[in-house]
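S.K.: show me how the following folds:
(2 chains)
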Amino acid sequence: MLSSLPTELLRQIIESTVPRTFHSQTYDERQATLLRLSLVSRRFRQIAQPLLFEIVSVQTPEKLETVSEITDGKGWSDVILEVICQRRYDDAIRGSFSRRNFESLARSGKNLRTVALRLERQGVLDLSVLQLLPRESSRFVFRAGPREC
Amino acid sequence: MLTIQRIFAELNHLRLSGEKFEITSPFRLPRLLTVSINHAALIACITLLNPVYLPSLRDLALPDVDDAKDFEDLRLSSIDKLIPQLDSVSLYWRCVDCAPDYLRKSNERTLFDCYSYDVKSFWDYSAHLRHLRIIHVPLDSIINELSTWIIRIAIWIETHQQLPLHSLYLESILHPTALHSQPEDVRDGMGYLVRVCEEKKVEIVFESQPRDWQVDPTLSEDFCRRQRGIREKEHGN
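M.R.: Numbers count the residues shown, from 1 in each chain, chains lettered A, B, ... in the order given. Reported below is the predicted structural model:
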């Protein structure tokens, strides 16, 4: 029966099953729900998979890079809406969120509206990375690289 | 010719927590509507609190910013110039009496946060409280503790002769309709609190609250919306 629903209606149903903003109490369940929905069918996956990347909560720079790579690769540059980066005092893993990570994020998240940074254990991040830098020129450099190779 | 677009120029909401930040050169976030900067991040981000850099800012939260050192640090910012453009402010309640004038003047549009265990000190800080949000409700504690806690708040509101409180923000799971599985004394306690608040014309707002204050949204959606409405009415008149 669900398969006969128009895609837009199905999208609204799936979207309504998960919170639209980040909350520490609901995030894991949100992502788990979307993962489960992605496994239902190809049609469900097409709708649910991008929603997994609407809200991104990561604890390592590598994961943030992976998110950028996946969304770039799939052409989902308008998918990411909210990013939460955490490096807690009790994190055992090393590594710091850096300017480079946020430049990648800016390329792959042109609809990014919310950023939450909890940086307690890492190198100092210059917040000027949020400042007004040319986006198109950094895209140009990004694209030019592989061609030269 | 390359179109010069700007990274993060469209950012609407920013939350900063922890001390691992610096700002080497000031920058504008022209579309930022809300910002939350906690105690640990404050000094590193102090230059950001300036209407020149945050021209669209409407709601500001400074969680756990409450001591003399913090207010000394704030003097390095232009927060006094930023406050007039804001719809709402969110502060820790202990600064209700010690905050600088520019913050005190915004009491009418400030939501003060206090921890549930602060209930014993309510009498010391209540002279100027208009809007209060009680956070970290002892839901997981022994049941008796929860009902005692609720009754304490009710007694404080009932017996305080000059309490200026207009609204009380509580965790949504304390809503009377959500308490059906709780023991009778908890339900009775909540019923008592609701009655007292009705008598004293204190509005209770039940709302989902942040749990992890370092990353969850700290601003109350309801409070920001109400203050925005009040502001728009004022401007309309």
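S.K.: run through chain A and note the low-pLDDT ranges.
M.R.: Across chain A, residues meeting the criterion (pLDDT under 70) sit at A:1, A:131-149.
S.K.: likewise for chain B?
M.R.: In chain B (pLDDT under 70), the answer is B:1-8, B:140-144, B:237.
S.K.: can you classify the residue most central in space within chain B by secondary structure?
M.R.: In chain B, the centroid-proximal residue (C-alpha atoms, centre = their mean) is B:S90; its distance is 3.2 Å. When classified by DSSP: H, G, I helix; E, B strand; the rest coil, B:S90 comes out as strand.
S.K.: how much space is there between B:V96 and chain A?
M.R.: 27 Å (C-beta to the nearest C-beta, to the nearest Å). Quick note: C-beta positions are derived from backbone N, CA and C, even for glycine.
S.K.: let's verify whichever residue of chain B sits closest to chain A: helix, strand, or coil?
M.R.: Per C-beta to the nearest C-beta, B:F27 is where chain B lies closest to chain A, at 3.1 Å. Secondary structure, three-state DSSP: B:F27 is coil.
S.K.: contacts only, for the residue nearest to the centre of chain B.
M.R.: Each residue near B:S90 by C-beta atoms under 8 Å, 6 or more residues apart in numbering or on different chains is listed here: B:36, B:59-63, B:110-113, B:218-220, B:223.
S.K.: at 6 Å what do you get?
M.R.: B:A61, B:L111, B:L219 (C-beta atoms under 6 Å, 6 or more residues apart in numbering or on different chains).
S.K.: from those residues, which are also near chain A?
M.R.: Under the cut-off given by C-beta under 6 Å from any C-beta of the partner chain, chain A has nothing from the contacts of B:S90 close to it.
S.K.: hey, what's the residue nearest to the centre of chain B bridged with?
M.R.: Taking DSSP bridges as the rule, B:S90 bridges to B:A61, B:L111.
S.K.: ok, now B:H131?
M.R.: Using DSSP bridges, the bridge partners assigned to B:H131 are B:L111, B:S167.
S.K.: surely it meets B:E108?
M.R.: No. Counting by C-beta atoms under 6 Å, B:E108 is not a contact partner of B:H131; they are 8.4 Å apart.
S.K.: distance of A:L51 from B:D216?
M.R.: 20 Å (C-beta to C-beta, to the nearest Å).
S.K.: what's around A:K74, how many residues?
M.R.: Other residues near A:K74 number 13, with proximity taken as other C-beta atoms under 10 Å in any protein chain shown.
S.K.: what do you get for the one 3 residues further on?
M.R.: Per other C-beta under 10 Å, the neighbour tally for A:S77 reads 15.
S.K.: how about it: what's its closest non-neighbour residue?
M.R.: If the residues on either side of it in the chain are set aside, A:S77 comes closest to A:K110, at 5.1 Å by C-beta to C-beta, 6 or more residues apart in numbering or on different chains.
S.K.: and the one you found, what element?
M.R.: Using DSSP states H and E, A:K110 maps to neither a helix nor a strand.
S.K.: residue ranges for the helices of chain B, please.
M.R.: Counting by DSSP state H, chain B has helices at residues B:39-42, B:68-74, B:79-82, B:101-104, B:122-125, B:143-159, B:184-199, B:221-236.
S.K.: go on, chain A?
M.R.: Going by DSSP H, chain A shows helices at A:7-16, A:27-38, A:42-52, A:61-74, A:99-108, A:135-148.
S.K.: most tightly packed of these?
M.R.: helix A:99-108 (a mean of 20; mean count of other C-beta atoms under 10 Å in any protein chain shown).
S.K.: just among the contacts of B:S90, which is most surrounded?
M.R.: Most surrounded of the contacts of B:S90: other C-beta under 10 Å gives B:L111, at 27 neighbours.
S.K.: what about A:F97, neighbour count?
M.R.: 23.
S.K.: that one contacts A:C85, correct?
M.R.: Yes. When contacts are counted by C-beta under 6 Å, A:F97 is listed as touching A:C85 (5.3 Å).
S.K.: list the contacts for A:H23?
M.R.: Per C-beta under 6 Å, 6+ apart, neighbours of A:H23: B:D216.
S.K.: kindly apply the preceding question to A:Q25 instead.
M.R.: A:Q25 touches B:R211, counting by C-beta under 6 Å, 6+ apart.
S.K.: recalculate using a threshold of 8 Å.
M.R.: B:R211, B:D216.
S.K.: ok, now which ones touch the closest residue to B:T148 other than its chain neighbours?
M.R.: Closest residue in space to B:T148, ignoring its immediate chain neighbours: B:G189 at 7.9 Å, by C-beta to C-beta, 6+ apart. Neighbouring residues of B:G189 by C-beta under 8 Å, 6+ apart: B:L146, B:S147, B:T148, B:I150, B:I151, B:A154.
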